[in-house]
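Trainee: Let me see the structure of the following:
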Amino acid sequence: MGVNTNPVTSRRRLGSELRRLRKISGMTTQQVAACLLISQPKISLLENGHRLIKPRDVRDLCRLYGVQDEQLLDDLMRLAGDSSVQGWWDAYGDIPYGTYIGLEAEAAGIRTYEALVIPGLLQTPGYARAVIAGTVPHATAEQIATRLAVRLRRQDRLNTPGDPLRLQAVLDESALRRVVGSREIMREQLEHLNHLGSQPHITLQLLPYEAGAHPGVSGQFSLLDFADSTNASMVYLERLASDLYLENRSAAQPYSDLYARLQAEALCPDDTRQFITQAVKAYIGTEFLPDPLS
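Mentor: Residues are numbered from 1 along each chain as shown. Predicted coordinates for the structure are as follows:
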């Protein structure tokens, strides 16, 4: 696999281009399915990048759409080949959120809200191990170690030379108060948060209990922003049974507006750092100050 090849985003780009060509041809997904003797849902999955597409299928679709541009056909065939290679995460076995990892690796920026725990990209090894062990109760020691290794590898994206991931995170105070692992692990984690928050490409904001009811009470969500206009923005909702991806603009915009409201209600980055500094004292035997900004 080439250094810059990402199979997840290759499938999405290919699917988006095939959708564009189908619309130019004036055909519906039902008509395409009938012509190629395949199911209509398969066409939708291919166009959304949720299913591997073979070069033969690309050629058949392009022929059906009347594509004459040989260079375009070659580019689409290359994307089909790129989409079939393995991502770095595949080396770790069956990772349930492999699709998200591929998207995260390609994203230019992520805006995330988390109510209960520190986001994975910001977790220390000790905190991450405790979260994994606590949230996947039947996992073996080997499975925990594998998930931990993947989570730490994902964090490399924050340190990509010349093009680090731009991360904005709004955290609820609950994430600071909840003792995950041990008090020592929490102290280390909060100090790590303040270190990361000082980086120019990472913005951390805290929603204190004093904020009361707010738009984020419905739960965690992330917005992935892509430099490629093909991808634009996507909403990721982590669920127990299956994750949900909202990809069209009409579905993503309400979450973008929601995130803006959360940022407006949260403490600014400087006040957030002060709050976290005070919160650290709760884990080194000093009484937690109820109003760290006073």
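Trainee: Give me the secondary structure label for Ser222.
Mentor: strand (DSSP: H, G, I helix; E, B strand; the rest coil).
Trainee: Hmm, Arg111 and it touching each other?
Mentor: Yes: using C-beta atoms under 8 Å, Ser222 makes contact with Arg111 at a distance of 6.9 Å. Glycine gets a C-beta too; all of them are placed from N, C-alpha and C.
Trainee: Not counting residues beside it along the chain, what's closest to Ala108?
Mentor: Sequence neighbours aside, Ala227 is the residue nearest to Ala108 in space, at 4.3 Å (criterion: C-beta to C-beta, 6 or more residues apart in numbering).
Trainee: same question, Ile53
Mentor: Leaving out its chain neighbours, the residue that sits closest to Ile53 by C-beta to C-beta, 6+ apart is Leu46, at 5.1 Å.
Trainee: Can you name the next helix or strand after the helix or strand encompassing the one you found?
Mentor: Per DSSP states H and E, Leu46 falls inside helix 40-47. Following helix 40-47 in sequence order, the next helix or strand is helix 55-65 (DSSP H and E).
Trainee: Give me the helices and strands touching that following helix, please.
Mentor: helix 7-25, helix 29-36, helix 70-83 (3 or more C-beta pairs under 8 Å, 6 or more residues apart in numbering; DSSP states H and E).
Trainee: mind running it again at 10 Å?
Mentor: Contacts defined by 3 or more C-beta pairs under 10 Å, 6 or more residues apart in numbering; DSSP states H and E place helix 55-65 against helix 7-25, helix 29-36, helix 40-47, helix 70-83.
Trainee: List the buried residues in the second one.
Mentor: What it means is helix 29-36. Within helix 29-36, the residues scored as buried using 16 or more other C-beta atoms under 10 Å are Thr29, Val32, Ala33.
Trainee: The third one too?
Mentor: Within helix 40-47, the residues scored as buried using 16+ other C-beta under 10 Å are Lys42, Ile43, Leu45, Leu46, Glu47.
Trainee: where do the strands sit along the stretch 151-294 of the chain?
Mentor: For the stretch 151-294 of the chain, the strands defined by DSSP state E, counting those that start in this stretch occupy 166-172, 202-207, 221-225, 233-237, 244-246.
Trainee: So what touches the least confident helix or strand in the chain by mean pLDDT?
Mentor: Every helix and strand of the chain was ranked by mean pLDDT, DSSP states H and E. The lowest is strand 244-246, at a mean of 82. In this structure, residues lying in contact with strand 244-246 by C-beta atoms under 10 Å, 6 or more residues apart in numbering are 48-50, 99-100, 103, 221, 223-224, 233-238, 251-255.
Trainee: Adding mean neighbour count and distance to Arg261, write the strands of the stretch 151-294 of the chain out as a markdown table.
Mentor: What follows is the strands of the stretch 151-294 of the chain, written out as a markdown table (neighbours: other C-beta atoms under 10 Å; distance: least, C-beta to C-beta, whole Å):
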| stretch | mean neighbour count | distance to Arg261 |
| --- | --- | --- |
| strand 166-172 | 22 | 10 |
| strand 202-207 | 22 | 11 |
| strand 221-225 | 21 | 13 |
| strand 233-237 | 20 | 15 |
| strand 244-246 | 15 | 18 |
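Trainee: neighbours around Arg63, how many?
Mentor: For Arg63, the neighbour count with other C-beta atoms under 10 Å is 10.
Trainee: For Asp172, give me its contacts.
Mentor: Counting by C-beta under 10 Å, 6+ apart, Asp172 touches 113-117, 178, 206-209, 211, 214, 216-217, 220, 262, 266.
Trainee: Cool, thanks, talk later.
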